[in-house]
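Q: Any chance you could fold what I've pasted below:
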Amino acid sequence: MGLNFAGNTWGTNYISFNLLRSVSVRHPHVLDRLIQEYASDLERLCTEGVWNTARTKRVWAVHIGAKGDLLAQTKLASFIRDYSRMPKQGSSRTACPGICFLCHAGKEQPGEIPDSFPYGDFNGDALWKTTMHASPAWVSSPSILRGVPLVPGCEAAFFAIDLWHCWHYGAAKVFVANVLVLLESKKLAPGNSVDARLAWLSAAYRAFHRSQRLSSPPLELNKDSLGYPAVHASPCGRWPKGSSSTDLMYWLEAFFHTHVAGKVADPLLLLLASWPESQVCLCVVTAGVLL
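A: Numbers count the residues shown, from 1 in each chain. Predicted structure coming up:
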């Protein structure tokens, strides 16, 4: 994949600036000022370029996007719609402003039609799909966009979604936990109680983890690590490493091949077992949504 992990980090990783968290807490305006200066430098690289020492070669650079975890993106752009605003209960006095900076998913607008855009709707005709780039997710244009050549009306696309954070450390925690709870509820694991069945699944996963010499820390699968059952919440994994999501999906693929394919009649389980390896992620998503 061409990852730049090899060699001297001085030659592969270029730090523009850093800021101590303690300083940013005391002086919140400093971060935005640094971003303004950074954007100005990038604007000059785009319009004026830079010469080598001998002034025989000139290079231009264009800032085409910013990628990072959603927390970093929110701080960078001061989004008014972001994942942290997701409703924690079925209803509240304050309408949700939305949970996505690209669309209106999760937005509630009482008295209007439609009055909401369910963020959990994954159907092809989901309402939130019609609102992609319908309105900016900020009060004023983020400083980082200064001088950037953007597609009019799609400015938010500059903030790129990072699969490794959003899936492995985000959505996969919900979907994988739901699949594990599904396996327990369908009693594919032996035991006379939820705890006993989860303990069996945990032992099976840890044995697979050892046999495959997986890199993530081995997990203990139980009610606590799956966030199940919890009041006003669906199962959600509580593992600290995104790589654990990957390793759990490797094991789930092997588990469905061994314990489900050709052995049960449940349509949802058979759906999961029948999908090819390249679509394992979508299988897990399907299970999470349907459950």
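
Q: wait, isn't Cys100 in contact with Arg81?
A: Yes - between Cys100 and Arg81 there is a contact at 6.0 Å, judged by Cβ atoms under 8 Å. Glycine gets a C-beta too; all of them are placed from N, C-alpha and C.

Q: so what sits against both of the two?
A: Taking Cβ atoms under 8 Å, 6 or more residues apart in numbering as the contact rule, Cys100 and Arg81 both touch 106, 137.

Q: Break down the stretch 151-291 of the chain into its strands, ranges please.
A: Remark: strands assigned in the stretch 151-291 of the chain by DSSP state E, counting those that start in this stretch are 159-160.

Q: ugh, wrong one, the stretch 1-150 of the chain
A: Using DSSP E, counting those that start in this stretch, strands in the stretch 1-150 of the chain cover 50-51, 58-59, 66-67.

Q: Could you single out the most deeply buried of these?
A: strand 66-67 (a mean of 15; mean count of other Cβ atoms under 10 Å).

Q: helices or strands up against it?
A: Helices and strands touching strand 66-67, by 3 or more Cβ pairs under 8 Å, 6 or more residues apart in numbering; DSSP states H and E, are strand 159-160.

Q: What is the strand it packs on packed up against?
A: Strand 159-160 packs on strand 66-67, helix 70-77, going by 3+ Cβ pairs under 8 Å, 6+ apart.

Q: Can you tell me the centre-most residue of the chain?
A: The centre of the chain sits closest to Cys166, judged by Cα atoms, centre = their mean, with a distance of 1.0 Å.

Q: Quickly compare the helices and strands packed on strand 159-160 and say which is most buried.
A: It is helix 70-77: most buried of the helices and strands packed on strand 159-160 by mean count of other Cβ under 10 Å, with a mean of 18.

Q: circling back to that earlier point, and the nearest residue to the residue nearest to the centre of the chain once chain neighbours are set aside, how far is that from Ile99?
A: Among residues not flanking Cys166 along the chain, Leu70 sits closest, at 6.8 Å (Cβ to Cβ, 6 or more residues apart in numbering). According to Cβ to Cβ, to the nearest Å, Leu70 stands 10 Å off from Ile99.

Q: can you list residues touching both of the two?
A: Residues touching both Leu70 and Ile99 (Cβ under 8 Å, 6+ apart) are 82-83.

Q: Let me see the contact set for the residue nearest to Glu43 when sequence neighbours are not counted.
A: In this structure, Glu43 finds its nearest non-sequential neighbour in Gly147, 2.8 Å apart by Cβ to Cβ, 6+ apart. Applying Cβ under 8 Å, 6+ apart to Gly147 gives the contacts 39-40, 42-43, 46-47, 63.

Q: Next, please give the residue ranges for the helices of this structure.
A: Ranges of helices in the chain, per DSSP state H, are 9-12, 21-26, 29-47, 70-77, 163, 172-185, 194-212, 223-226, 242-259, 267-274, 280-290.

Q: And those helices: which comes nearest Asn123?
A: helix 280-290 (9.5 Å; Cβ to Cβ).

Q: Could you dump the strands of the stretch 1-150 of the chain into a markdown table and include distance to Ser215 and mean pLDDT?
A: Formatted as a markdown table, the strands of the stretch 1-150 of the chain follow (distance: least, Cβ to Cβ, whole Å; pLDDT from 0 to 100):
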| stretch | distance to Ser215 | mean pLDDT |
| --- | --- | --- |
| strand 50-51 | 40 | 95 |
| strand 58-59 | 38 | 96 |
| strand 66-67 | 23 | 90 |
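
Q: could I get those strands as CSV with distance to Leu34?
A: Formatted as CSV, these follow (distance: least, Cβ to Cβ, whole Å):
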stretch, distance to Leu34
strand 50-51, 20
strand 58-59, 24
strand 66-67, 14
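
Q: what's the first-to-last distance across stretch 44-63?
A: Terminal residues of stretch 44-63 lie 11 Å apart, using Cα to Cα, to the nearest Å.

Q: how much distance is there from it to the middle of the chain?
A: How far stretch 44-63 lies from its chain's middle: 35 Å, per Cα atoms, centre = their mean, to the nearest Å.

Q: for that stretch, which positions count as buried?
A: 45, 63 (16 or more other Cβ atoms under 10 Å).

Q: who touches that stretch?
A: Under Cβ under 8 Å, 6+ apart, the answer for stretch 44-63 is 39, 42, 147-149.

Q: switch to 10 Å and redo it
A: Stretch 44-63 is contacted by residues 38-39, 41-43, 144-149, 158 when judged by Cβ atoms under 10 Å, 6 or more residues apart in numbering.
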